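In: For reference, the sequence and a predicted model appear below.
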Amino acid sequence: MRLREAAFCAAMLGLAPPAAAQHLRPTDLAGMAVPAPSKIEAYGADPLQFGELRLPKGAGPFPVAVIIHGGCWTKGFATLTYMSPLAAALADRGIATWNIEYRQLGDKGGGWPGSFLDWAAATDHLRALAKAYPLDLTRVIVVGHSAGAHAALWVASRGKLATNSEIRGGEPLKISAAVAIDGPGELKPFIGPDQRICGKPVIAALMGGGPQDTPGHYAQGDPVELLPSGAPTVMISSAVLQPDEAERYRTAATAKGDQVEVLDLRGAAHFDMLDAKNPPGAVVQALIVQALALSRK
């Protein structure tokens, strides 16, 4: 079964009509009671360079989901805590989760190149964690929401960067699949809409300038420029990522040999997709599990 079929099957799980959406906020998700992480560990020296590891019950080894939160790439919008319900739910379904924090715009060292280096270092830190915990590093999926969707797609493509790239970091860990939840896979068209969505321009700040000022940055940091990633990918479209934008990414990726599927969840609120008690959240979690399973076929 291909990802297209998996997306269809997930949609058949019972996605509620738009009126059923609860319109959760990041603070609602962050305030939910979830099991404590199995381990909180630093992947760097900065106080924001850490992650929460959650292990399923059993002996393992377990596949791993790297989870990257959004928040307009900007300090004060969101932290990893709002992704904790998703991280805990996936652990209940047999997937170890590594929910990462990172430096954002407004943090010392955030933006270009620091945020990218944090995503890279956090992902590669799974090698260190696997020495102490039963993690299967042949099955690693990266899941990002909103701005974190951009980060997830970039992590999946990072191995395409030249070894002298200023944002590549160490030897990239191979990614088995990627799920981008309602966030951009292409940065240039997001310039302009970013002001409406985030309340201020953020892309140029993240990238250290506009596309004409720093074309090399966009060539390295914009996932669409690094295709093919080689990782089966699901793009979930809703409030931020518009269906035509998701389809444009799919067209670009499939033209270069990648397998990309798009699920249109218009009517599902931006944060409702992260709570399994909401029908859109159940669909998203099913797709994450399917994407990881199908990546082995």
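Out: All right, it came through fine.

In: those helices in the stretch 1-150 of the chain, which residues are they?
Out: 3-11, 26-30, 84-92, 114-124, 126-129, 147-157 (DSSP state H, counting those that start in this stretch).

In: The biggest strand by length in the chain pairs with which strands, parallel or anti?
Out: Ranked by residue count under DSSP state E, the longest strand found in the chain is strand 135-145. Sheet pairing of strand 135-145 (DSSP bridges) gives strand 62-68 (parallel), strand 177-181 (parallel).

In: possible to save these as CSV with mean neighbour count and distance to Val224?
Out: Using the backbone N, CA and C atoms, a C-beta is placed for each residue, glycine as well. Shown next, in CSV, are the strands paired with strand 135-145 (neighbours: other CB atoms under 10 Å; distance: least, CB to CB, whole Å):
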stretch, mean neighbour count, distance to Val224
strand 62-68, 27, 18
strand 177-181, 29, 12
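
In: still on that earlier bit, return the mean pLDDT over the longest strand of the chain, rounded to an integer.
Out: Over the span of strand 135-145, the pLDDT mean works out to 97.

In: Stretch 117-130 now?
Out: Stretch 117-130 comes out at a mean pLDDT of 98.

In: That stretch: how far from the chain's middle?
Out: 14 Å (CA atoms, centre = their mean, to the nearest Å).

In: again with stretch 263-276
Out: With CA atoms, centre = their mean, you get 15 Å for stretch 263-276.

In: Stretch 119-139 too?
Out: With CA atoms, centre = their mean, you get 16 Å for stretch 119-139.

In: ok, back up a step: could you dump the strands paired with strand 135-145 to CSV with mean pLDDT and distance to Leu265?
Out: Listed next are the strands paired with strand 135-145 as CSV, based on pLDDT from 0 to 100; distance: least, CB to CB, whole Å:
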stretch, mean pLDDT, distance to Leu265
strand 62-68, 97, 19
strand 177-181, 97, 9
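
In: Now render those strands as a markdown table, adding distance to Leu135.
Out: Output for the strands paired with strand 135-145, formatted as a markdown table (distance: least, CB to CB, whole Å):
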| stretch | distance to Leu135 |
| --- | --- |
| strand 62-68 | 5 |
| strand 177-181 | 16 |
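
In: Arg139: which of those is closest?
Out: With CB to CB as the criterion, Arg139 lies closest to strand 62-68 of the strands paired with strand 135-145, at 3.6 Å.

In: Pull the residues that contact the closest one.
Out: 55-56, 80, 83, 86-87, 90, 94-100, 102, 119, 122-123, 126, 134-137, 139-145, 148, 151-152, 155, 176, 288, 292 (CB atoms under 8 Å, 6 or more residues apart in numbering).

In: List buried members of these by neighbour count.
Out: Buried by 16 or more other CB atoms under 10 Å: 55-56, 80, 83, 86-87, 90, 95-100, 102, 119, 122-123, 126, 135, 139-145, 148, 151-152, 155, 176, 288, 292, out of these.

In: Which stretches in this structure count as strands?
Out: Using DSSP E, strands in the chain cover 39-42, 50-54, 62-68, 96-100, 135-145, 177-181, 233-237, 260-264.

In: my guess is Ser157 meets Gly221, correct?
Out: No. At 10.0 Å, Ser157 does not count as touching Gly221 under the criterion of CB atoms under 8 Å.

In: hey, what's the most centrally placed residue in the chain bridged with?
Out: The residue lying closest to the centre of the chain (CA atoms, centre = their mean) is Gly144, at 1.4 Å. Gly144 has the following beta-bridge partners by DSSP bridges: Ile68, Ala180.

In: Just list the residues touching the residue nearest to Pro134 when sequence neighbours are not counted, thanks.
Out: Among residues not flanking Pro134 along the chain, Gly60 sits closest, at 2.8 Å (CB to CB, 6 or more residues apart in numbering). Gly60 makes contacts with Ala96, Tyr133, Pro134, Leu135, Asp136, as judged by CB under 8 Å, 6+ apart.

In: Okay, Gly60 and Val142: tell me how far apart.
Out: Using CB to CB, to the nearest Å, Gly60 is found at 19 Å from Val142.

In: residues near Asp107, how many?
Out: 18 (other CB atoms under 10 Å).

In: now swap in Ser238 and tell me
Out: Neighbour count for Ser238, taken as other CB under 10 Å: 25.
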